[in-house]
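Participant: how would this look folded up:
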Amino acid sequence: MINNNELSRVGISIPTSLLEKFDKIIDERGYSSRSEGIRDAVRSYITYYTWMSEVKGVRHGIISMVYDHNIPGLLKVINDIQREFRSTIQTSLHVHVSDEKCLDIFVVHEQGEQIKALTERFMAVKGINLVKLSTMQIEK
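Facilitator: Alright, predicted model coming up:
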């Protein structure tokens, strides 16, 4: 059994701009250290992953994502994923939120496992900055 008080030291590489934004947030939120902020972020990621693993049964949902449309090849990857999951995606909305960033919203309806697979495919794509899933199970 692992003792929760036992700490492991890890090294990670993060782009400077991302680390600067993270440091600003942990300062604003009053964390005692960068490590404490990272531990909190990891706990949040684990909680979200656990919630995603419980998405089962027929669901309706929304997947929203933000990405930089200037990244070469990214739009093709996004379109290929949409084609692969065309039976899951009911409709989509595309908005240019700045000169570089786009917001796509997908309305989905399918078995939870299929919606989760689609969401995780988008999450794994380099260049997509943010992916969020919200689902509901409609009772009959």
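Participant: Touching the helix or strand of the chain with the lowest mean pLDDT from outside, list them.
Facilitator: For the chain, the helix or strand with the lowest mean confidence is helix 34-53, at a mean of 79 (criterion: mean pLDDT, DSSP states H and E). Contact partners of helix 34-53, identified using C-beta atoms under 8 Å, 6 or more residues apart in numbering, comprise 22-23, 25-26, 29, 31, 116, 119-120, 133. Any C-beta I mention is one placed from the backbone N, CA and C, and that applies to glycine too.
Participant: Tell me how far residue 124 lies from residue 117.
Facilitator: 11 Å (C-beta to C-beta, to the nearest Å).
Participant: And the two? Which one has more around it.
Facilitator: Using other C-beta atoms under 10 Å as the criterion, residue 124 and residue 117 rank with residue 117 on top: 14 against 10.
Participant: who's in contact with that one?
Facilitator: residue 85.
Participant: What separation do you get for it and residue 15?
Facilitator: Residue 117 is 28 Å from residue 15, by C-beta to C-beta.
Participant: Residue 49 now?
Facilitator: Taking C-beta to C-beta, one finds residue 49 at 23 Å from residue 15.
Participant: Same question for residue 24.
Facilitator: Counting by C-beta to C-beta, the gap from residue 24 to residue 15 is 14 Å.
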